[in-house]
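*Asks:* Dropping the sequence and predicted coords here.
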Amino acid sequence: QKEVEQNSGPLSVPEGAIASLNCTYSDRVSQSFFWYRQYSGKSPELIMSIYSNGDKEDGRFTAQLNKASQYVSLLIRDSQPSDSATYLCAVNIGQGAQKLVFGQGTRLTINP
Amino acid sequence: DAGVIQSPRHEVTEMGQEVTLRCKPISGHNSLFWYRQTMMRGLELLIYFNNNVPIDDSGMPEDRFSAKMPNASFSTLKIQPSEPRDSAVYFCASSPRGFPTDTQYFGPGTRLTVL
């Protein structure tokens, strides 16, 4: 089992709709969870971080964490063409350590 | 403010040659990370440093790879000898405090092609 798993997509969503991205992880002691966005040919940039069970909202983005199910998700409301990118889920591995393990990424396309 | 700086941005070399990639972290950041990204394997952590000390090098593929951080503002990743399978984008990232909750800020990457 991979440490961090994502559906690689591609995921196609019409403009204005909600895009839902999912991620599961295997390390039960993981405490920190991140969503990075990566445009083609560019470096990853942080979108959201979440550390506690429940929802965390920032503008059009909502991160959801369920530690019991080892599941983290990202919702993008009112999707825009500029949201088209690959979204990487990253999980801190090892208690107290800074090591991040990244999923393979989900390629998201927003259709005008 | 300047972000993470990497050089060169592109490197093309022949198999067997030595390759040195360079990174300047964000000023004041205590942690530095080297990642490699390929289509097949995704984004993988190679090694990371806290306060210039290597903490975890378990991702370094083999002895051909080495990394140093002689001071807080400079790090190198060296591949000697290089092989075609080393072709990838290499990212350097830094984070401020050395905590698991820290955001990692990525540099623009170095695209390495080994012929």
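*Replies:* Looks like it came in fine.
*Asks:* was I right about residue A:70 contacting residue A:23?
*Replies:* No - Residue A:70 sits out of contact with residue A:23 when judged by CB atoms under 8 Å, with a separation of 9.4 Å. C-beta coordinates here come from the backbone N, C-alpha and C atoms, glycine included.
*Asks:* More neighbours: those two, which one.
*Replies:* For residue A:70 and residue A:23, the more surrounded residue by other CB atoms under 10 Å in any protein chain shown is residue A:23, and the numbers stand at 25 against 16.
*Asks:* wait, doesn't that one sit right on residue A:3?
*Replies:* No - assessed by CB under 8 Å, residue A:23 is found out of contact with residue A:3, at 10.9 Å.
*Asks:* so what sits against both of those two?
*Replies:* Shared contacts of residue A:23 and residue A:3 (CB atoms under 8 Å, 6 or more residues apart in numbering or on different chains): residue A:91.
*Asks:* In three-state terms, how would residue A:104 be classified?
*Replies:* Following DSSP: H, G, I helix; E, B strand; the rest coil, the label given to residue A:104 is coil.
*Asks:* The closest residue to it other than its chain neighbours pairs with what?
*Replies:* Spatially, and ignoring its direct neighbours in sequence, residue A:104 is nearest to residue B:42 (4.6 Å; CB to CB, 6 or more residues apart in numbering or on different chains). Counting by DSSP bridges, residue B:42 forms beta bridges with residue B:38.
*Asks:* which residues touch residue B:42?
*Replies:* By CB under 8 Å, 6+ apart, the neighbours of residue B:42 are A:102, A:103, A:104, A:105.
*Asks:* Which of these sits closest to residue B:99?
*Replies:* residue A:102 (18.6 Å; CB to CB).
*Asks:* you'd agree that closest one is up against residue B:33?
*Replies:* No - at 11.4 Å, residue A:102 does not count as touching residue B:33 under the criterion of CB under 8 Å.
*Asks:* For the two, work out which one has more neighbours and name it.
*Replies:* Neighbour count, other CB under 10 Å: between residue A:102 and residue B:33, residue B:33 has more, with 27 against 23.
*Asks:* ok, and the more buried one, which helix or strand is that part of?
*Replies:* strand B:31-38 (DSSP states H and E).
*Asks:* Go through that strand and flag the buried ones.
*Replies:* B:31, B:32, B:33, B:34, B:35, B:36, B:37 (16 or more other CB atoms under 10 Å in any protein chain shown).
*Asks:* Could I get the CA-only coordinates of stretch B:38-57 as PDB?
*Replies:* This file holds the C-alpha atoms of stretch B:38-57, laid out as PDB (Å, rounded to 0.1, in the frame of the first residue of the first chain):
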ATOM      1  CA  THR B  38       9.400  12.300 -12.300                       C
ATOM      2  CA  MET B  39       6.300  11.200 -14.100                       C
ATOM      3  CA  MET B  40       6.700   7.600 -12.900                       C
ATOM      4  CA  ARG B  41       7.500   8.200  -9.300                       C
ATOM      5  CA  GLY B  42       6.000  11.600  -8.600                       C
ATOM      6  CA  LEU B  43       7.500  14.000  -6.100                       C
ATOM      7  CA  GLU B  44      10.000  12.300  -3.700                       C
ATOM      8  CA  LEU B  45      11.900  13.600  -0.800                       C
ATOM      9  CA  LEU B  46      15.700  12.900  -1.200                       C
ATOM     10  CA  ILE B  47      17.100  14.500   2.000                       C
ATOM     11  CA  TYR B  48      16.400  17.300   4.400                       C
ATOM     12  CA  PHE B  49      18.500  19.400   6.700                       C
ATOM     13  CA  ASN B  50      17.700  21.200  10.000                       C
ATOM     14  CA  ASN B  51      20.100  24.000  11.000                       C
ATOM     15  CA  ASN B  52      22.500  22.800   8.400                       C
ATOM     16  CA  VAL B  53      22.600  19.200   9.700                       C
ATOM     17  CA  PRO B  54      21.300  16.300   7.600                       C
ATOM     18  CA  ILE B  55      18.300  14.700   9.400                       C
ATOM     19  CA  ASP B  56      16.900  12.200   7.000                       C
ATOM     20  CA  ASP B  57      18.700  11.000   3.900                       C
END
